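1. generate a structure from the sequence data that follows.
(one chain, ligands or ions: 1)
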Amino acid sequence: LEKVKEVVTPSNGAALDGKPKSDPASIEADVLQNLEFTIGAPSNKIPNGLDDKTVYRGVAASVREFLIAAFNRTQDYWRDQDPKFVYYLSAEFLMGRSLLNAVQNLELTGPLSEAIKKLGYDLEDLVDAEQNAALGNGGLGRLAACFIDSMATLDLPGWGYGIRYKYGMFKQAIDAKGYQQELPDIWLTNGNPWEIARPEITYKIGFYGTVDNFKWSPAEQVIAKAYDNPIPGYKTSTVGNLRLWEALPLCEFDLDAFNEGKYDKAVEERRKAEDISAVLYPNDATEYGKELRLKQQFFFVSASIQDVLARFKEKHAGDWALLPEKAIFQMNDTHPTIAVAELMRLLIDQEGLDWDTAWGITQKTLAFTNHTVMPEALEKWPVKVLGKLLPRHLEIIDKIDDIWKDSLKEKILAQIESEPKAAPAKAAKAAAKDGEEEEAEEDEEDPVETALAKYGIITENPWEKDAKVINMAYLAVVGSKAVNGVAAIHSEIIKDTIFKDFYEVMPEKFQNKTNGVTPRRWLAWCNPKLAALITETLGTDAWINETTLLAGLRQYADDKAFQAKWRTVKHAAKEKLSHKIKSLMGVDLPTDPLYDVQIKRIHEYKRQYLNILSLIYRYHQIKTASPEEKAEMVPRVSIFGGKAASAYYAAKKIVRLINRVGAVVNSDPDVGDLLKIVFVPDYNVDLAEVLIPGAELSQHISTAGTEASGTSNMKFAMNGCLIIGTMDGANIEIAQETGKENMFVFGMDAEDVPVWREGKRKEWKDYDPRFVKALDLIKSGTFGETEYFKDLVESISVMNDSNNDWFLVAPDFTDYMRAQDEVDKLYADQDEWTRRSILYTAGSGFFSSDRTIDQYAKEIWDVVPCKQP
Ligand code: GPW
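-> Sure, this is the predicted structure:
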């Protein structure tokens, strides 16, 4: 056997004894072998004549062997043990890079770096050679990535399910005039060493066609092909899975058409199918109701459910009542909610269950997370669009809607009877006054039907006459066992607003699961120096999985010697950030000023506008200051990053404004190092891994009540970065954990915002003179393009039907400036600043996604750890 091993196993012994050898020499030999045979690098250039990209591929191929070995063992064990699984259905998984994460989670960094050094390369450079996997827009997609990391680390049987987009989030460039340019994200050109293609795992997905007597005959079919992405846990041998689907044509090529010389037609079917998994929709929190988007959603949901049911049948054929004890699907926002109808269809049409049995199973097997209260993001599919693409599903949704409303009838009737009769009488009187008594009589509707209307899943489209829409969030609420928001305040708001009526009739369904982030990627791996200091101070690295241990840092917050060490480490991270910006943009940033960072999707509700207005005023102050006043000012580097959805014009103008202001300020000799404003192009996961450790102040300044949670706020807090923010989303809980007095809190509260919008705003004229000054500077052309910026300026200063400063930039400005003054004052006191920085990290333990996932597992999923002995 030993002899055979030597001769046969090219891959480090994994195939025969199940575990590759992890000493530096074995790894080195394996990388060489992969460079030569897997990658096919020219042998005369091996080992040290290759570029980093090629060596990266060889190294990744070796790491892949470790991953696959542990992956196979985990999945075999789970198959054998048959525990209950959670399936996280998400249209987005924003994974970022995988090499460093895999190597760190597998605890291979030491021997691997040594092996790489022997070959004449540097692990850090190879890490930088990797393409970002950007199959997500922002917070929602990155949350899904953090969640599957935590599931693996907690040994929870679970898979992610999504789409293998050929093109991910667009790449952003900023042109010389400050405009955002969008470029395609061609991320698969050099192959993807982190995925395992499964040509043998395929499902048919149907679209269009007709329904005859409940039988659906699709007019179009495509194939969904599986790709598995192993997800390593940390300090465990568990390796979970992210299964992504690629769309392919049923028939490769129409040979008849080809033979007739119709070449275009011959390839048409292929193109139509491939379109489905071609590109990620780059809209964050806005929907456009496009058919292709619904196609994508149904495509991955159907493939995933078919896959789960197929595995269930292998073990438990026929025993459908057992399904809720073996599987739960978590729907990440409304994007996968067609799952409600698809699970019903498969159980009834394919497996022959009766309606009631199928509905009972469905309601126990699905759960739903809501991530926004903004109406434009809550998907409502026109009945026309959904009925054409998925006629059988429309029929099922229609019936769910009827049965759901029927189930409420008794309750409603009792309610109506208990109400005093005065209300209808009053209405009749009012009608009589208008001389329309008779008509009112004729039109009078069944009061029960009227009262039921607000519960309707299928409703009238308020924007279009006679055009019904399907409210996907309502469908999900009715079809799920649990519904949750993503931060404490958000989970309360959804019960009071978008789901109020539903909450009143089924309060037990509604829960909160405050978001979290993985402390591996977002502290331990991205900020190794701070991590080392924490480990040294706490005397253990157990905090990487037990983040509540970070609270142990509190006792050192006042310790001057510790503060000095903390500052040194933070400063090193600032230097790294400054180098990164130099290499990306050619801009030299001093490292002494306060590093202030706002990185997130560009959106009016997130209020990058508020931030840039305050900087415009700061610029004005610098320009008009005496030398003595200048000497008192606290220098600042303001960094922005984020993408605007391609058709979101206001957001694109804000991007341009920031860039224009930056160009003027940075080249003004009067300003010097007192203020630098940079917009880092193409903000993404790997930039975040440098920006977050290097930041000292971060801005989370959404209009109260609009940001469901936010998750970068948690990452910044973990890395000892102070927060200026509103009492919104998870900021509130971060303030609780780290001390509200340590946060720069400003602005209106969530309860005041609706009051403002409905009333106060109409008579308010109290514009802050500094706000007026900042807008004047834009208007008078200080940053050029006055015509271009005109409507942006008016949107927050001239009130009329189209401009109403919906996100309260003007009324929150004064308090924001007060908070900014406090920032400057505190930064001048470095000891106090550092003390708070330590307290942020110490108080961030609650925001680990391990905690979040543990709560999901216990309170919604009923899934327990299943770890190999
Ligand atoms: F609109 N979020 C996001 F709710 O990143 F669908 N993209 C989205 O399309 C939506 C939400 C959607 C974000 C929230 O804005 C953010 O507050 C939250 O922290 C994050 O989802 C994860 O829950």
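
2. how near is residue 260 to the ligand?
-> Look at residue 260 and the ligand: by Cβ to the nearest ligand atom, to the nearest Å, they are 45 Å apart. Any C-beta I mention is one placed from the backbone N, CA and C, and that applies to glycine too.

3. count of neighbours near that residue?
-> Other residues within reach of residue 260 by the criterion other Cβ atoms under 10 Å amount to 11.

4. which phi and psi values does it adopt?
-> phi -80, psi 0 (degrees, to the nearest 10).

5. can you check residue 106 too?
-> Phi and psi for residue 106, reported as degrees, to the nearest 10, are phi -80, psi 0.

6. surely it meets residue 232?
-> Yes - the pair residue 106 and residue 232 qualifies as a contact (Cβ atoms under 8 Å) at a distance of 5.6 Å.

7. so what sits against both of those two?
-> 67, 70 (Cβ atoms under 8 Å, 6 or more residues apart in numbering).

8. higher neighbour count, these two?
-> For residue 106 against residue 232, the residue with the higher neighbour count under other Cβ under 10 Å is residue 232, and the figures read 27 against 20.

9. who touches that one in this structure?
-> Residues near residue 232 by Cβ under 8 Å, 6+ apart: 67, 70, 101, 102, 105, 106, 152, 238, 239, 240.

10. check it and give its pLDDT.
-> In this model, residue 232 is scored at 98, pLDDT.

11. in contact with the closest residue to it other than its chain neighbours, which residues?
-> Of all residues not flanking residue 232 in the chain, residue 105 sits nearest, at 4.1 Å (Cβ to Cβ, 6 or more residues apart in numbering). Applying Cβ under 8 Å, 6+ apart to residue 105 gives the contacts 232, 233, 234, 520.

12. so which of the contacts of residue 232 belong to helices?
-> Secondary structure from DSSP state H places 67, 70, 101, 102, 105, 152 of these in helices.

13. quick one: the helices in the stretch 351-500 of the chain, in order.
-> Taking DSSP state H, counting those that start in this stretch as the test, the helices found in the stretch 351-500 of the chain are 355-365, 383-389, 391-418, 422-433, 437-443, 447-452, 472-479, 488-496, 500-505.

14. oh sorry, the question was meant for the stretch 151-300 of the chain
-> Listed from the start of the chain, the stretch 151-300 of the chain has helices (DSSP H, counting those that start in this stretch) covering 255-259, 263-276, 291-316.

15. could you report the separation of residue 555 from residue 838?
-> Separation of residue 555 from residue 838 (Cβ to Cβ, to the nearest Å): 10 Å.

16. who has more neighbours out of those two?
-> Applying other Cβ under 10 Å to residue 555 and residue 838 shows that residue 838 carries more neighbours, namely 23 against 12.

17. per-residue pLDDT, the more buried one?
-> According to the model's per-residue confidence, residue 838 sits at a pLDDT of 98.

18. my guess is it contacts residue 563, does it?
-> Yes - here residue 838 lies in contact with residue 563, judged by Cβ under 8 Å, at a distance of 7.2 Å.

19. who touches both of the two?
-> When contacts are counted by Cβ under 8 Å, 6+ apart, the set common to residue 838 and residue 563 consists of residue 557.

20. who in the stretch 401-550 of the chain is up against the ligand?
-> For the stretch 401-550 of the chain, the residues found near the ligand under the criterion Cβ under 6 Å from any ligand atom are 486, 515.

21. just the stretch 151-300 of the chain next, same as before
-> Where proximity means Cβ under 6 Å from any ligand atom, the interface of the stretch 151-300 of the chain facing the ligand comprises 284, 285.

22. chain neighbours aside, what residue packs nearest to whatever residue of the stretch 751-869 of the chain ends up closest to the ligand?
-> For the stretch 751-869 of the chain, the residue positioned closest to the ligand under Cβ to the nearest ligand atom is residue 852, at a distance of 10.1 Å. Leaving aside its sequence neighbours, residue 852 sits nearest to residue 516 (Cβ to Cβ, 6+ apart; 3.7 Å).

23. number of residues surrounding the one you found?
-> Residues contacting residue 516 under the criterion other Cβ under 10 Å number 28.

24. that one contacts residue 851, correct?
-> Yes - proximity of residue 516 to residue 851 meets the contact threshold set by Cβ under 8 Å, at 5.6 Å.

25. quick check: pLDDT value at residue 424.
-> Taken from the predicted model, the pLDDT recorded for residue 424 is 52.

26. quick one: contacts for residue 22?
-> Taking Cβ under 8 Å, 6+ apart as the contact definition, residue 22 lies against 66, 108, 111.

27. quick one: it and the ligand, what's the gap?
-> Using Cβ to the nearest ligand atom, one obtains 36 Å as the distance from residue 22 to the ligand.

28. kindly report the same for residue 511.
-> Spatial separation of residue 511 from the ligand under the definition Cβ to the nearest ligand atom is 14 Å.

29. Three-state assignment for that residue, please.
-> Using DSSP: H, G, I helix; E, B strand; the rest coil, the structure places residue 511 in strand.

30. now it, nearest residue through space, not along the chain?
-> The spatial neighbour of residue 511 that comes closest, neighbours along the chain excluded (Cβ to Cβ, 6+ apart), is residue 484 at 4.4 Å.

31. can you pull the contacts of the one you found?
-> Counting by Cβ under 8 Å, 6+ apart, residue 484 touches 367, 368, 369, 370, 491, 510, 511, 512, 513, 860.

32. ranking those by neighbours, who comes first?
-> Taking other Cβ under 10 Å as the neighbour criterion, residue 368 ranks highest of the contacts of residue 484 with 28 neighbours.

33. who's that residue bridged to?
-> Here residue 368 shows beta-bridge partners residue 331, residue 483, assigned using DSSP bridges.

34. having no further points to raise, I will conclude here.
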